[in-house]
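[1] Need coordinates for the below:
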Amino acid sequence: MGCSIVLPRGSESVILGAAILGAIASKKYSSLSDALKALNAAGQVIHPAKDPKVKKYHDAKNRIFHELYEQQICHLRSWPKLWHEIII
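    Presented below is the predicted three-dimensional model:
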């Protein structure tokens, strides 16, 4: 189970994003959806690997990411208390 990824055709996606937002700001397009349809083009499509070892690898990486994220949130919640103890 996985999702295909559609890469943009152009290599300068940051510049394209800025141009799309500029076109919306200048009222050339009324919505982000309209601007994307007009200015963006799909490039290469990357499909999920069918090898179960690849899925197992990415599942393990995802599990580690979520564990680290939860640790970070826990540490961030303790910062106000630690900051108060250090300063006062």
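
[2] Please tell me how far the residue lying closest to residue 46 once chain neighbours are set aside sits from residue 74.
    In space, and not counting its chain neighbours, residue 46 is closest to residue 5: 4.5 Å by C-beta to C-beta, 6 or more residues apart in numbering. Placement of C-beta: from N, CA and C, glycine included. Using C-beta to C-beta, to the nearest Å, residue 5 is found at 31 Å from residue 74.

[3] Select the longest helix from the chain.
    helix 52-87 (DSSP state H).

[4] tell me how far that one is from the chain's mean position?
    The chain centre lies 17 Å from the centre of helix 52-87; the measure is C-alpha atoms, centre = their mean, to the nearest Å.

[5] Same check on stretch 46-66?
    Distance, centroid of stretch 46-66 to centroid of chain: 17 Å (C-alpha atoms, centre = their mean).

[6] That one - what's its average pLDDT?
    Mean per-residue pLDDT for stretch 46-66: 94.

[7] Repeat that for stretch 11-21.
    Across stretch 11-21, the per-residue pLDDT values average to 92.

[8] Next, the buried residues of that stretch.
    16, 20 (16 or more other C-beta atoms under 10 Å).
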